[in-house]
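Colleague: Just to be clear, the model below is a prediction. Sequence and coordinates:
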Amino acid sequence: MASTQGPSRERNEDRAVVCELITKVGRRIRLAIVCDGMGGMVNGHDASSRAAAAFLTTMIANTSDREFSPLDLMRACEAANAAVYERYDGKGGTTLTALSITSDSGACVHVGDSRLYAVEHDGDLRLLTRDDTLSAIVQAEAGDVNEDELDNRLLQFVGIGPVMTPALFPVNFAGTNLFFLTSDGTHGFGRKALEGMAAHVRSPIDLARKAVFVANALNGPDNASIACLTANTDEPEMEVGVSIARIWTPSDHIEVWLPDLRRGDHREQAGRSKAVPSDASKAASKPAQERKATRKRPDRPAKLKASSGGNPQDQEVLFRLGEAEADD
């Protein structure tokens, strides 16, 4: 994954995250998330950070010790909405598009105008989501969809209110090489540009680097972010009884609040997730960390931080949920 502020913006309000969850029942879940904070509202950068963190927290808590269901994506998206709405009361918000891939299924949850694309074996590019905008609905009803026509009049976004209606749909990965999620600063360059990048890439990392290079080279007017997942569904042998979360992010720290997973205590901790400023020295000295997490006190969950910095392939933080107490 990759993200750039771009030459025309004062701050990066996008958040891109890739995560691998290993559940206690031996299930591997791969996730990619893109959130685009709404710059015309209050603190878009914080809204996107809160949404991404709440989404991850809920996914980790709800899937650590049982089988994964696509409905877990919906619950995580609803938790993200609650976290942002609780903080900004509808005055701040973000888009959220997330993709999950397991050995036998794929699913996507989507709110706003970030997008999910699939690159087929023959190089064709497919747009899998529909923007939550007025023009996208009009085009769909008319049967004349123009992917290059962008509309910032969002009909809904994460943080809009107590009730939100995300799109949740299955994703078929047969015949697909690669999936990638984008903020509008990336797909805003048009379908032809995306097709050109996707057709000549050697790896997901190569595609991510090309996307942010193009955004900067063309003096893009917005932040640009991309998160990629291969369609490879090979399932390595997993250790049963151990829950692990690996998180990669090019953005600020993602702070994840975990309940006591050993006790099945999945209370309201998702809404307490937040992002905090990055610590460059720690990120440089510990590009990959392994930490153990359980509750230290009955009234407080363990706190885990995923650091940023360096190249995308180096930004890994491993959270092993075990018996020992966590550093605070």
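Modeller: Done, it's in.
Colleague: all contacts plus neighbour counts: C-alpha atoms, from now on.
Modeller: Noted.
Colleague: Strands of the stretch 51-200 of the chain, residue ranges please.
Modeller: Assigned by DSSP state E, counting those that start in this stretch, the strands in the stretch 51-200 of the chain fall at 96-101, 106-111, 115-120, 125-127, 167-170, 176-182.
Colleague: Check which element follows the helix or strand hosting S3 along the chain.
Modeller: Here S3, judged by DSSP states H and E, is contained in strand 2-4. Toward the C-terminus, strand 2-4 is succeeded by strand 14-22 as the next helix or strand (DSSP H and E).
Colleague: Other residues contacting that next one?
Modeller: 1-3, 27-37, 45, 48-49, 52, 60, 64, 183, 223-228, 238, 242-251 (C-alpha atoms under 8 Å, 6 or more residues apart in numbering).
Colleague: Now, these that are in strands?
Modeller: 2-3, 28-36, 224-228, 243-248 (DSSP state E).
Colleague: Quick check: the residue of the chain positioned farthest from its centre vs D234, distance?
Modeller: No residue in the chain sits farther from the centre than A142, which is 31.2 Å out by C-alpha atoms, centre = their mean. Distance, A142 to D234, by C-alpha to C-alpha, to the nearest Å: 40 Å.
Colleague: again with N12
Modeller: 35 Å.
Colleague: Please apply the same query to A82.
Modeller: For A82, the distance to D234 - C-alpha to C-alpha - is 35 Å.
Colleague: Looking at the two, which is more packed in?
Modeller: A82 (24 against 10; other C-alpha atoms under 10 Å).
Colleague: The more buried one contacts I160, doesn't it?
Modeller: No. Here A82 does not reach I160: they are 9.2 Å apart, not a contact under C-alpha atoms under 8 Å.
Colleague: list the residues that contact both of these two?
Modeller: With C-alpha under 8 Å, 6+ apart, A82 and I160 have no common neighbours.
Colleague: A80 contacts T57, doesn't it?
Modeller: No. Using C-alpha under 8 Å, A80 is not in contact with T57; the gap is 9.4 Å.
Colleague: between these two, which one's more packed in?
Modeller: For the pair A80 and T57, the greater number of neighbours falls to A80 (31 against 25), based on other C-alpha under 10 Å.
Colleague: per-residue pLDDT, that one?
Modeller: A80 carries a pLDDT score of 96 in this model.
Colleague: who's in contact with it?
Modeller: Contacts of A80 (C-alpha under 8 Å, 6+ apart): 50-55, 158-159, 270-271.
Colleague: neighbour-wise, which of those residues leads?
Modeller: Busiest of the contacts of A80 [other C-alpha under 10 Å] is A51, holding 38 neighbours.
Colleague: Check it and give its pLDDT.
Modeller: 95.
Colleague: again, but for P301
Modeller: With respect to pLDDT, P301 scores 36.
Colleague: now the top helix by length along the chain against strand 243-248, angle please.
Modeller: When the chain is parsed with DSSP state H, its longest helix is helix 44-63. Orientation check (axes from the mean of the first three to the mean of the last three C-alpha atoms, to 10 degrees): helix 44-63 against strand 243-248 gives 160 degrees.
Colleague: Using PyMOL, define a selection of the buried residues within the ones in strands among the contacts of strand 14-22.
Modeller: If you want just the buried ones from those in PyMOL, going by 16 or more other C-alpha atoms under 10 Å, the selection is:
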select buried, resi 2+3+28+29+30+31+32+33+34+35+36+224+225+226+227+228+243+244+245+246+247+248
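Colleague: Can you give me the buried ones in stretch 179-190?
Modeller: So, applying 16+ other C-alpha under 10 Å, buried residues of stretch 179-190: 179-189.
Colleague: go on, stretch 210-224?
Modeller: 210-216, 220, 222-224.
Colleague: How much space separates the residue nearest to A198 when sequence neighbours are not counted from R75?
Modeller: Once flanking residues are discounted, A198 sits nearest to L207: 6.6 Å by C-alpha to C-alpha, 6 or more residues apart in numbering. Distance, L207 to R75, using C-alpha to C-alpha: 30 Å.
Colleague: follow-up on the earlier one: deepest of the strands of the stretch 51-200 of the chain, which one?
Modeller: strand 96-101 (a mean of 27; mean count of other C-alpha atoms under 10 Å).
Colleague: any idea how far that strand is from the chain center?
Modeller: A distance of 6 Å separates the centroid of the chain from that of strand 96-101, by C-alpha atoms, centre = their mean, to the nearest Å.
Colleague: bridging residues for C19?
Modeller: C19 has the following beta-bridge partners by DSSP bridges: L31, I247.
Colleague: Count the residues that sit near it.
Modeller: C19 - counted by other C-alpha under 10 Å - has 22 other residues nearby.
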